[in-house]
Every structure is written in structure tokens, then in C-alpha cells.
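[1] Structure of the sequence below:
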Amino acid sequence: MDLFQDLVNSVADITRTAVSQCFPSSPEVLQLNNKTYKVITRLGEGGFSMVYLVRDLTSQQTLAVKKVRCAAGTDGYTWAMREVDMYRRFRHDGIIRLHDVSVIQGMDGAGSSLIGESGGARGRSRASGAGGMDQTVYMFLPYYRRGNLQDWIQRERLETGEAMAEEKLLRLFRGVCEAVRAMHEYELKDELPSLDTGARGNSGSGNTTSLAEHEYLQRSDGARIVPYAHRDIKPANVMLKDDGVTPVLMDLGSARRARVYIKSRQQALLEQDDAAEHCSMPYRAPELFDVQTDVLLDERVDIWSLGATLYAVAYGESPFESQMNEQGGSIALAVINGKYSFPSSDPYSPKIRQLIQMMLVVDPTQRPYIHQVLDTIDQ
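    Numbers count the residues shown, from 1 in each chain. Predicted coordinates for the structure are as follows:
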């Protein structure tokens with residue numbers, strides 16, 4: 001019995017340690033930036049991150065907090081700060097806003113906010129990755145109780161068999177496209193001080209005060225347009241506001257400057273590996289599966305993802321998952337060959353098919369830009 005009790009106590013100690021590392025103050029309370037949050041539930045998790053639903057005990061505001069663990073000696077902190085940079089960069093109603101950020105260093109629980117009371121940046125945090133310590137980044141984001149488009153697909157499209165009304169589908173998709181346009185046509189004004197501690201070549205968020213010629217466009221009024229690509233557009237990354245039809249683009253962890261000139265095979269393989277890690281396969285553009293040399297990757301990788309996303313909302317799954325489920329084979333091969341089909345019983349007008357077809361063009365140089373997609377929606 002004593003041996004059994006020792007085992008029980010040991011397991012309890014391990015559990016308490018794990019919970020205290022996740023939320024240092026108690027299993028149900030998170031204290032950061034001089035605020036106390038009640039942890040309600042865990043919403044989801046990824047490879048290096050978890051998302052929790054929390055309530056600010058002072059304001060009673062409900063938020064989603066994304067917790068990213070950054071192990072010492074890895075580039076996890078750099079990636080997390082790039083994501084924070086992206087949230088700060090884009091100010092558009094269709095792109096999710098960041099409420100606050102906190103960085104915890106080591107095991108002492110010392111944290112610091114990276115955003116001031118007014119939402120402006122404080123510049124680079126003292127938690128800059130120096131010293132080789134493990135770090136945890138907490139990103140405070142709005143909570144959308146209706147969930148995301150993937151939730152809607154599962155709840156409505158697949159379980160009830162009900163298709164979204166075409167007018168609602170187009171209105172929602174147009175909202176997503178407007179958010180993407182804010183990224184693809186980002187106007188360089190007063191640059192924000194970057195929280196990023198480093199960028200790999202042209203692929204990071206980086207400081208855009210020094211740009212290669214291929215990375216920006218000069219508008220007739222003299223303004224510089226620096227296209228950014230989201231790189232992971234999919235139904236799960238489109239939240240729905242309370243009205244159920246207004247979309248909010250989220251998860252900017254994969255976003256970066258869109259235009260990347262591939263000079264060498266080594267760079268091509270790095271881009272390919274990066275896409276494999278950060279871009280979901282059923283929605284990934286074909287040029288990212290086998291990156292070639294002496295080519296320019298641009299923002300139209302997102303156009304392909306938009307086409308696959310529209311198809312998924314309309315018909316219940318991405319076109320290439322549908323193809324694989326019906327005929328077997330590889331999603332990657334189906335994407336690279338642009339091989340997909342439409343359901344025989346289609347509840348939508350030809351306009352939806354035509355819109356999808358214009359975006360799912362294998363050759364990226366023949367794919368439309370976002371303003372052309374919006375023009376087609378409005379016709």
C-alpha cells in the first residue's frame with residue numbers, strides 16, 4: 001500500500017509541476033502584464049502552441065490566448081515574433097487584431113508586455129532570446145464564439161447536408177478577399193520597429209526600409225506597395241463574427257513578404273521545407289510543393305488557397321481531398337497536376353465554378369491577382 005501511495009503522490013507531483021509551468025499561478029488562473037485571467041478551457045493545440053479561452057477578471061472580457069513555447073537554441077522565438085509583427089502591421093477589420101503580448105523567460109516567470117496601453121509597440125522586448133533560456137510567448141487575441149469556417153463546414157455542410165446560400169457565400173468570400181487584399185497591397189508608410197530578431201533571406205517579415213527591387217511596386221503617386229502573403233489560407237483560419245457572415249482572417253504565423261526570388265537550389269529547398277511546415281497541404285499552391293530555381297514566388301500563392309477554400313465551403317472539403325477520397329492517390333500529385341472535379345449535383349450557379357476555376361490555375365503567372373478576383377465577384 002505504501003508503494004502504491006508513493007506512486008500516486010509521484011504522479012500528482014508531476015501533474016502539478018506540468019500545470020504550474022503552463023500557468024504559473026494556479027491551474028485555473030493566468031497572471032501576466034499585471035492582469036489576472038481565469039482559464040476557462042483549452043480551444044486547440046498545434047505542434048508548438050496551445051490556445052486557451054480566458055476571461056480577464058477585471059474587465060470580464062473573454063479572449064483567446066495563444067501560448068507558444070520556444071525552446072532554447074531553436075528559432076521558435078524568432079518565428080513567434082514574426083507572427084506578432086504581422087498582427088501589428090495590418091490594420092484591417094477583416095484581419096484579426098492583437099490585444100497584447102507577453103514573454104516569459106526561463107522558470108522565474110518574469111514577463112513583459114510588448115504592447116503599450118494604446119496598442120502601440122514598445123519596441124524590442126528585453127525578452128529577446130539572449131542567454132539561451134527557454135521562453136514562452138503569450139498572444140492575446142479576440143475570441144469568436146461562432147468559431148471558424150471549418151467548424152461551419154463540419155457542423156452545417158457535412159452533418160446536415162445544407163449548402164450555404166449563394167448570396168451569403170459570395171458575401172463571406174468577398175470579405176475574405178478584402179482582408180487578403182490588405183496584405184497583398186500593403187502600402188509602406190512609417191515602418192514599425194520590428195520585434196523580429198532575425199529573418200531568413202527575403203522570406204521573413206524583416207525591416208522593409210531596405211527592399212530588393214522585386215519585393216515592391218512603385219505606384220503612380222510615388223507610394224511603395226510591398227505585397228505580403230498569408231501562406232496558409234484555409235477554412236480553419238477564417239473566423240466568423242457574431243453575425244455569422246463577416247469573416248476575420250487569422251493565424252499570421254506563416255505570413256511574410258510575398259515576393260521571393262529563388263536564386264539557388266538550396267534556397268528552393270528551404271522554401272519548400274518552410275511551405276511543408278507552415279502551409280496546409282490541401283490548400284497549398286502547386287509551386288510550393290516543388291520549388292524551382294530562377295523563379296519569383298509571389299502573392300498569388302494565396303489566390304490558389306482562396307480557390308481551394310471557396311470550394312471547401314461550397315462543397316464540404318478541399319477539391320484535392322475530394323479527388324483523393326473518390327479516386328485515391330496523393331493530394332500532392334492532385335495539386336501539382338491541378339486535378340479536381342465538381343460534384344454532379346451542384347447547388348450553385350455557374351458563377352461559383354467559374355470563380356473557383358479562375359483561381360485554381362496551376363501556372364502562377366496565369367493566376368489572377370486579388371483585385372481581379374474581387375472584380376469577378378462584383379460582376
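[2] Tell me how far Leu288 lies from Leu374.
    Between Leu288 and Leu374 the computed distance is 23 Å (Cβ to Cβ, to the nearest Å). All C-beta atoms are positioned from the backbone trio N, CA, C, and that covers glycine.
[3] quick one: which of those two has more around it?
    Neighbour count, other Cβ atoms under 10 Å: between Leu288 and Leu374, Leu288 has more, with 22 against 17.
[4] Quick check: the more buried one touching Glu271?
    Yes. The pair Leu288 / Glu271 is scored as a contact, 7.3 Å apart, by Cβ atoms under 8 Å.
[5] Need the residues touching each of the two.
    Leu297 (Cβ atoms under 8 Å, 6 or more residues apart in numbering).
[6] give the contact list for Gln357.
    Per Cβ under 8 Å, 6+ apart, neighbours of Gln357: Gly307.
[7] buried stuff in stretch 154-164?
    By neighbour count with 16 or more other Cβ atoms under 10 Å, stretch 154-164 contains the buried residues 157, 163-164.
[8] let me fix that: stretch 91-109
    In stretch 91-109, residues buried by neighbour count (16+ other Cβ under 10 Å) are 92, 94-96, 98-105.
[9] Pull out the CA atoms of it and give them to me as PDB.
    Taking only C-alpha atoms (Å, rounded to 0.1, in the frame of the first residue of the first chain), the coordinates of stretch 91-109 have been written out as PDB:
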ATOM      1  CA  ARG A  91      -4.900  47.300 -39.600                       C
ATOM      2  CA  HIS A  92      -8.000  46.000 -41.300                       C
ATOM      3  CA  ASP A  93     -11.400  44.900 -40.000                       C
ATOM      4  CA  GLY A  94     -11.100  41.600 -41.800                       C
ATOM      5  CA  ILE A  95      -7.700  40.700 -40.100                       C
ATOM      6  CA  ILE A  96      -7.600  39.600 -36.500                       C
ATOM      7  CA  ARG A  97      -6.200  42.200 -34.000                       C
ATOM      8  CA  LEU A  98      -3.700  41.500 -31.300                       C
ATOM      9  CA  HIS A  99      -4.700  42.800 -27.800                       C
ATOM     10  CA  ASP A 100      -1.400  42.200 -26.100                       C
ATOM     11  CA  VAL A 101       1.700  40.100 -26.000                       C
ATOM     12  CA  SER A 102       3.800  38.800 -23.100                       C
ATOM     13  CA  VAL A 103       7.100  37.000 -23.000                       C
ATOM     14  CA  ILE A 104       8.000  34.700 -20.100                       C
ATOM     15  CA  GLN A 105      11.700  33.900 -19.700                       C
ATOM     16  CA  GLY A 106      13.100  30.800 -18.100                       C
ATOM     17  CA  MET A 107      11.500  29.400 -15.000                       C
ATOM     18  CA  ASP A 108      11.300  32.600 -12.900                       C
ATOM     19  CA  GLY A 109       8.100  33.700 -14.500                       C
END
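[10] Quick one: mean pLDDT over that stretch.
    Stretch 91-109 carries an average pLDDT of 84.
[11] Next: stretch 309-324.
    Here stretch 309-324 scores 90 as its mean pLDDT.
[12] the helices in the stretch 1-150 of the chain, which residues?
    Using DSSP state H, counting those that start in this stretch, the helices found in the stretch 1-150 of the chain span residues 2-22, 76-89, 149-152.
[13] in the stretch 151-300 of the chain, which spans are strands?
    187-188, 217-218, 224-225, 228-229, 238-240, 247-249, 256-257, 260-262, 295-297 (DSSP state E, counting those that start in this stretch).
[14] can you tell me how far the most centrally placed residue in the chain sits from Leu296?
    Nearest residue to the geometric centre of the chain (Cα atoms, centre = their mean): Asp251, 2.4 Å. Computed as Cβ to Cβ, the Asp251 to Leu296 distance reads 25 Å.
[15] List the contacts of Thr62.
    40, 53-56, 143.
[16] Quickly list what Val65 is bridged to.
    Taking DSSP bridges as the rule, Val65 bridges to Tyr52, Phe140.
[17] Does Gln61 touch Arg55 like I think?
    Yes. In this structure, Gln61 is within contact of Arg55 by Cβ under 8 Å, at 7.1 Å.
[18] Low-confidence stretches in the stretch 1-150 of the chain?
    1-27, 106-132 (pLDDT under 70).
[19] Let's see that with 50 instead.
    Counting by pLDDT under 50, the stretch 1-150 of the chain has low-confidence residues at 4, 7-8, 10-26, 107-110, 113-130.
[20] What sits closest to Glu299 if chain neighbours are left out?
    In this structure, Glu299 finds its nearest non-sequential neighbour in Ala258, 3.8 Å apart by Cβ to Cβ, 6 or more residues apart in numbering.
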